[in-house]
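**Q** sequence first, then the predicted structure:
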There are 2 protein chains.
Amino acid sequence: MISTQTHPPAVTASERIYTALRQRIMRCEITPGATLDAAEIAQEYEVSKTPVRDAMQRLAADGLVTILPRSGYRVAPITFQAVHEILDMRAAIGPHAARQAARYATPEDVAELRRIVREYDAPLDVGAMQQVARRFHVAIASCSRNRRLVALSESLFDELERLLRFAIDFTVKAGEHSDEHTALVDAIEAGDGERAASIEAEHIKHSREFLIERLMTLGYLSQGEARSAER
Amino acid sequence: MISTQTHPPAVTASERIYTALRQRIMRCEITPGATLDAAEIAQEYEVSKTPVRDAMQRLAADGLVTILPRSGYRVAPITFQAVHEILDMRAAIGPHAARQAARYATPEDVAELRRIVREYDAPLDVGAMQQVARRFHVAIASCSRNRRLVALSESLFDELERLLRFAIDFTVKAGEHSDEHTALVDAIEAGDGERAASIEAEHIKHSREFLIERLMTLGYLSQGEARSAER
DNA sequence: AAACTAGAACTGATGCATCAGTTGCGCAAT
DNA sequence: ATTGCGCAACTGATGCATCAGTTCTAGTTT
């Protein structure tokens, strides 16, 4: 008899805290820049401070929390620098992932991509669109057979989602990148890596411009910042 | 009076363990794939198991160690998959970093790059060359004003160094990539991002081919693996 | 009133004890 | 001899107590 009854199987306390805190930070239920009270969190989740500490260290590795030694934990603030860096990282790996996808993608991969693209047909708010976009780009990265690339993609979209959730009200109507996406999948299916890469580069450029404009409209970026970001 | 006398200033025990273990793993003083005895390490560094555990978690985040829950810590084995992924990540971010460097590099940045390139003039073994190459590429990433890109670059070169140290005997004479590097700095100085990116892409392709061939010669890659890696 | 200082309170870091899951060895039954 | 079961030792996970550094505050001094 295996005693996986008393406790949830292999879900450690720190894992639970990590997941919960991550979600709360992502959803901006915890204000960016706020300091976290480790003792309070421990009490809230009915564990000692140790797994809280473990979770904090993992969150710090994700860049979601900053550890100020002997001082406190701080939720990563949302800065223009972070937006710039994440968009820039996307620009770095996106075209490469597309190129590799064109090389390695199986018919099953392509079918999966088309399935995801089709989801754009349904009316979506910005949040749902972001989710679909995330799955689309992660799926492309998966085609590259490079786990690091997949992990980095996921991590970037996670952070991006948080920034968006903070800065953009989610009732805005989604744009229509569906055509770009279809063209990208076509290129991947045809095995045309350069075309795939350039479509992806263009796509990222567009979504970058959309974001920058949106952030500026909302007053999160000064004109100077926006100019340097739009290059 | 500040009491930074009794203890080394702000260097925590886990930091010490982390750095030490990282170095030992990097230098392959610890056999890849070996399991680590946490209790033994704690005893060796005269600390309890807690900071050892912290260090292990950080090493796991770096990908250098795998945590097998309730079972043990394992030093990441060196696999063809890892080599492939690291070289692929380099191919993804290198050209982009070069492009961004061409956009943002200051005259001081360019001077620093030239300083590093000049170091290739001295006779270097593969290990030293690797060090110079690391600094060169990290310096380029630094020009991008993207800290994430810099961190990723560093991390990739760290892992690459470990793989090389394991697989390649370091007495081999260094290649002569110096011309490529000079051309790259020229392109960056001229602000020609596309040229910089394509030179870097070519450079990475060359060093990839060099590595693949070398690994195959040493019997670390089967022909099939090498073929899929050379694409 | 302003500035400095001493100390109280808080926070993360560490050590140590204990809990729970995994592994593997050995004994027994077939 | 082989297979299966069970127990013992080991390992990481967690909790709890304590240590040490930081920060804020209140009191004193100038």
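**A** Perfect, thanks for sending it. Numbers count the residues shown, from 1 in each chain, chains lettered A, B, ... in the order given.
**Q** so where do the strands sit in chain A?
**A** In chain A, the segments counted as strands under DSSP state E are A:35-36, A:65-68, A:72-75.
**Q** out of those, nearest to A:Val138?
**A** Evaluated over the strands of chain A, closeness to A:Val138 peaks at strand A:65-68, with 23.3 Å, by Cβ to Cβ. Bear in mind the C-beta positions are built from the backbone N, C-alpha and C, glycine included.
**Q** average model confidence for that closest one?
**A** What strand A:65-68 shows for mean pLDDT is 89.
**Q** got the buried residues for it?
**A** Residues of strand A:65-68 classed as buried by neighbour count (16 or more other Cβ atoms under 10 Å in any protein chain shown): A:65-66.
**Q** hmm, that strand in reach of DNA strand C?
**A** Yes. Interface with DNA strand C: strand A:65-68 contributes A:67-68 (Cβ under 7 Å from any atom of the strand).
**Q** could you break chain A into its assigned domains?
**A** As assigned by automatic domain parsing, chain A contains the domains A:13-75, A:80-230.
**Q** just those: most buried one?
**A** Here the criterion is mean neighbour count by mean count of other Cβ atoms under 10 Å in any protein chain shown, and of the domains of chain A the winner is domain A:80-230, at a mean of 18.
**Q** is it anywhere near chain B?
**A** Yes. Counting by Cβ under 8 Å from any Cβ of the partner chain, chain B is contacted by domain A:80-230 at A:81, A:84-86, A:88-89, A:91-93, A:96-97, A:100, A:103, A:144-149, A:152.
**Q** show me what residue of chain A gets nearest to DNA strand C.
**A** The nearest approach of chain A to DNA strand C comes at A:Ala38, 3.3 Å away (Cβ to the nearest atom of the strand).
**Q** just give the nearest non-adjacent residue to that residue, would you?
**A** Residue nearest to A:Ala38 in three dimensions, not counting chain neighbours: A:Val52, with 5.1 Å by Cβ to Cβ, 6 or more residues apart in numbering or on different chains.
**Q** residues in contact with that neighbour?
**A** If you count contacts by Cβ atoms under 8 Å, 6 or more residues apart in numbering or on different chains, A:Val52 has them with A:14, A:17, A:38, A:41-42, A:45.
**Q** now do A:Ala34
**A** A:74-75.
**Q** just read off the phi/psi values of it.
**A** When read as degrees, to the nearest 10, the backbone of A:Ala34 gives phi -70, psi 150.
**Q** pLDDT value on A:Arg58, please?
**A** On pLDDT, A:Arg58 comes in at 87.
**Q** from A:Leu164, how far out is the residue sitting nearest the centre point of chain A?
**A** When Cα atoms, centre = their mean is applied to chain A, the residue found nearest the centroid is A:Phe157 (1.5 Å). From A:Phe157 across to A:Leu164, the span is 10 Å (Cβ to Cβ, to the nearest Å).
**Q** need the overlap of contacts for the two.
**A** A:Gln130.
**Q** residues touching A:Leu184, list them.
**A** A:Leu184 sits next to A:98, A:140, A:196, A:199-200, A:203 when contact means Cβ under 8 Å, 6+ apart.
**Q** now it: how far from A:Gln131?
**A** Computed as Cβ to Cβ, the A:Leu184 to A:Gln131 distance reads 18 Å.
**Q** also A:Leu59?
**A** Using Cβ to Cβ, A:Leu59 is found at 22 Å from A:Gln131.
**Q** again, but for A:Leu21
**A** A:Leu21 sits 21 Å away from A:Gln131, taking Cβ to Cβ as the criterion.
**Q** again, but for A:Pro107
**A** According to Cβ to Cβ, A:Pro107 and A:Gln131 sit 25 Å apart.
**Q** ok, A:Glu85 next?
**A** Counting by Cβ to Cβ, the gap from A:Glu85 to A:Gln131 is 22 Å.
**Q** got it, and A:Arg115?
**A** According to Cβ to Cβ, A:Arg115 stands 14 Å off from A:Gln131.
**Q** A:Ala55: what's it in contact with?
**A** Shown in contact with A:Ala55 (Cβ under 8 Å, 6+ apart): A:14, A:17-18, A:21.
**Q** now do A:Thr12
**A** Contacts of A:Thr12 (Cβ under 8 Å, 6+ apart): A:51, B:69.
**Q** look up phi and psi at it.
**A** Backbone torsions for A:Thr12, taken as degrees, to the nearest 10, come to phi -70, psi 160.
**Q** now swap in A:Gly191 and tell me
**A** Backbone geometry at A:Gly191, expressed as degrees, to the nearest 10, gives phi 80, psi 20.
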